[in-house]
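1. pasting the sequence and the predicted model now:
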Amino acid sequence: MVWLAVGCAVVAAFFLAFGTQRQGGAVRASTGGLAVTTQGMLRLLRNPRWMFGLLLLVIGMALNVYALAIAPLTVVQPIGAIALVITTVVNSREHGIRMNRPTVLAIVACMAGSIGFVLLAINVTAENHGISVRQELTTVLLLTAVVAGFGGAAVAFRHRHNAFFYIIGAGVLFGFVAVLVRTIAIGLMNPNGLFLANVAWYVVAAVAAAGLLGTYFVQNAYASGPPDLVIAGLTVIDPIVGIAVGIVVLDELQPDVHPVTAMSMAAAAIVAIVGVIALSRHHPDVLQRQQEARRRQGV
């Protein structure tokens, strides 16, 4: 079942990559690099390119949800990094962007770190699909604090955030959403025949709140950064948060993990994070935006 989940997650990465590219282009054309407002979101709902991107994202998310239901979160989440390469290639061809050497190395670091983590995680995760009410409630309470923190920061410093803030916020929020979606999927697939009765209302409410705020953050990240940077942040930060919750709260890691394996997993995660940071600083699109901003300030 683990390898079936891996296959679903790989296919999901393709849908997520193309969906991200379509939505990113639509947001950028609609806002011109400015923050997305409520009216802007309503306009995007009437944009065919944005809606097509949404359809692709929904299909990708559905495949990812199924993968999360049949395999440990620690294995499924990092596979989304494949979407980074796809998005980078599509975005560079569409906009005629030539990738510089630091950008290529950053992408390689993201991919190598994430794939290395997956290969190590497959061998050390516990085959335990049960999630207790205590674990579920703990996750919801942690997510409530995260939503309050990022939501408050977004309101208090609305015009001072750059793409990286929105990427971090969306990554953390969707990391928790992935954990709770896994609990919902497991509940719906429970053979006791109760279906929706297995899902707590507060879990659904938490997923809805975090999903809406995370989507708002993603749209603002599209407006102020390239789509490959956005998906790089999401495919690294999202899995790291989800895996941390899976290990600490859901007890998905085997108790007898060798110290060398644990250190190797940590090293792979660090490599992936460094790749995202480097991408946010050296991507040609980011450098071009910085030059335009300095040019406007000099006028």
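-> Received, thanks.

2. helices of the stretch 1-150 of the chain, residue ranges please.
-> Counting by DSSP state H, counting those that start in this stretch, one finds helices in the stretch 1-150 of the chain at the ranges 2-31, 38-44, 48-70, 73-76, 82-95, 101-122, 133-156.

3. of those helices, which is nearest V274?
-> Minimum separation from V274 across the helices of the stretch 1-150 of the chain (Cβ to Cβ) falls at helix 101-122, 5.9 Å. No exception for glycine: its C-beta is placed from N, CA and C like everyone else's.

4. one step back: of the helices of the stretch 1-150 of the chain, which stretch is the most buried?
-> Mean neighbour count (mean count of other Cβ atoms under 10 Å) peaks for helix 73-76 among the helices of the stretch 1-150 of the chain, with a mean of 27.

5. any idea of the mean pLDDT in that one?
-> Helix 73-76 shows an average pLDDT of 69 in the prediction.

6. what do you get for stretch 154-167?
-> For stretch 154-167, the mean per-residue pLDDT is 76.

7. what's that stretch in contact with?
-> With contacts defined as Cβ atoms under 8 Å, 6 or more residues apart in numbering, stretch 154-167 is touched by 35, 153, 169, 213, 216-218, 220-221, 224-225, 229-230, 233-234, 237, 280.

8. using CSV, lay out the helices of the stretch 1-150 of the chain together with distance to L180.
-> Putting those into CSV (distance: least, Cβ to Cβ, whole Å) gives the following:
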stretch, distance to L180
helix 2-31, 18
helix 38-44, 23
helix 48-70, 10
helix 73-76, 11
helix 82-95, 21
helix 101-122, 20
helix 133-156, 6
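
9. hey, least reliable of the ones you listed by pLDDT?
-> Looking at the helices of the stretch 1-150 of the chain, the lowest mean pLDDT belongs to helix 73-76 (a mean of 69).

10. cross the contacts of stretch 154-167 against helices and list the overlap.
-> 153, 169, 213, 216-218, 220-221, 224, 229-230, 233-234, 237, 280 (DSSP state H).

11. can you select the buried ones among those residues for me in ChimeraX?
-> Buried residues among these (16 or more other Cβ atoms under 10 Å), as a ChimeraX selection:
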select :169,213,216,217,218,220,221,224,229,230,233,234,237,280
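
12. what is the burial count for P255?
-> Neighbours of P255 under the rule other Cβ atoms under 10 Å: 6.

13. how far away is it from V124?
-> 10 Å (Cβ to Cβ, to the nearest Å).

14. returning to what we had before: and the two most separated of the ones in helices among the contacts of stretch 154-167?
-> Comparing every pair within the ones in helices among the contacts of stretch 154-167 by Cβ to Cβ identifies L213 and S280 as the most remote, at 21.1 Å.

15. what residue lies at the spatial centre of the protein?
-> For the chain, L234 is the residue whose C-alpha lies nearest the centre (Cα atoms, centre = their mean; 3.1 Å).

16. wait, that residue sits on V218?
-> Yes - if you go by Cβ atoms under 8 Å, L234 and V218 touch, sitting 7.5 Å apart.

17. residues contacting L188?
-> 69, 195-196, 198-199.

18. who's in contact with the closest residue to A112 other than its chain neighbours?
-> When the adjacent residues along the chain are set aside, A112 lies closest to V271, with 6.2 Å between them (Cβ to Cβ, 6 or more residues apart in numbering). Residues in contact with V271, defined by Cβ under 8 Å, 6+ apart, are 109, 112-113, 116.

19. swap in G151?
-> For G151, the contacting residues are L213, by Cβ under 8 Å, 6+ apart.
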